[in-house]
Structures are given as C-alpha cells and as structure tokens.
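Student: Return a 3D structure for these sequence lines:
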Amino acid sequence: MENLHIAGSSKTPEITFHALTGTLTIAGRSIPENSIEFYKPLLLWMENFGKTNPDQTLLQVKLEYFNTSSSKCLLDIFKKLETIGGKTQVEWYYEQDDEDMLEAGEDYEAIIHVPFKMIGVEQL
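Tutor: The predicted model follows:
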C-alpha cells in the first residue's frame with residue numbers, strides 16, 4: 001500500500017500517512033474551501049489501510065486551527081480510526097496556552113472509543 005502525502009497550504013493541513021509504520025499525521029491549519037472534498041481521500045486511504053489488518057495505528061493531530069466544517073470531517077476521521085482494528089491511539093497536540101484547542105481534543109476524546117493522549121507544546 002502506498003503512503004499518502006498532501007502538501008499543506010495556508011488553508012489546508014499537511015497530510016502524511018505512512019502505511020508501513022501506521023503513523024498518520026495531520027498538521028497545520030484546516031480551513032479549506034470544501035472540507036468534505038479535502039478529507040475524502042484521507043477517509044478512502046484509511047478504509048484501504050484498515051483492510052491490511054495493521055498491528056497499530058497512531059493518528060497525530062497537530063492543528064493550530066480548524067473551522068467548523070473541518071471539525072465534522074475530523075470526527076469522520078476519528079470514527080474511521082475506530083474501525084481499523086489493532087492498537088489505535090490519537091495524539092492530540094495543542095499549544096499550551098490554547099485552551100480552546102485542548103477542549104476540542106477533550107470533546108473528541110469523550111465521543112470516540114480510541115485512547116487519546118493530550119500533548120501540550122510551546123508552538124505548533
């Protein structure tokens with residue numbers, strides 16, 4: 001299975017999904033014109049990745065900001081992660097002084113049946 005890489009822009013996050021290691025990273029800003037279209041290839045990749053029966057999957061979310069339409073797409077990503085099987089975990093990175101981003105991660109953690117690890121950093 002091939003890796004997925006989408007370069008980031010001022011409106012879209014950088015996507016780096018590694019099939020061999022099971023490390024999936026979403027980093028940057030997520031305010032695309034059409035969130036559903038942007039996130040569709042990620043969900044498709046995850047669907048196919050799940051069919052490989054991975055031992056472990058780590059989703060790293062390192063977003064400095066995301067809009068409302070992206071939040072729904074992120075929820076879809078987390079729900080897809082629930083179906084992959086094997087050991088799964090989310091690492092939710094947030095800037096230490098950004099309480100809103102920490103709360104967003106905690107909200108997802110309350111909904112999703114995948115272990116979350118909150119990681120405060122100085123700067124994303």
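Student: what pairs with the top strand by length along the chain, and is each one parallel or antiparallel?
Tutor: Longest strand in the chain by number of residues (criterion: DSSP state E): strand 56-66. Strand 56-66 pairs in its sheet with strand 23-30 (parallel), strand 87-95 (parallel), by DSSP bridges.
Student: list the buried ones in that strand?
Tutor: 57-64, 66 (16 or more other C-beta atoms under 10 Å). C-beta here means a position set from N, CA and C on the backbone, and glycine is covered the same way.
Student: repeat for stretch 4-18
Tutor: Buried-residue list, stretch 4-18, by 16+ other C-beta under 10 Å: 4, 12-13, 15-17.
Student: now the strands paired with strand 56-66 in CSV, with mean pLDDT?
Tutor: Listed next are the strands paired with strand 56-66 as CSV, based on pLDDT from 0 to 100:
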stretch, mean pLDDT
strand 23-30, 98
strand 87-95, 97
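Student: Do a quick rundown of the strands in this protein.
Tutor: 4-6, 14-18, 23-30, 56-66, 87-95, 116-121.
Student: Can you tell me which of those is nearest to residue 36?
Tutor: strand 23-30 (12.3 Å; C-beta to C-beta).
Student: so the closest one versus strand 14-18, what angle?
Tutor: Our comparison of strand 23-30 with strand 14-18, counting by axes from the mean of the first three to the mean of the last three C-alpha atoms, to 10 degrees, yields an angle of 170 degrees.
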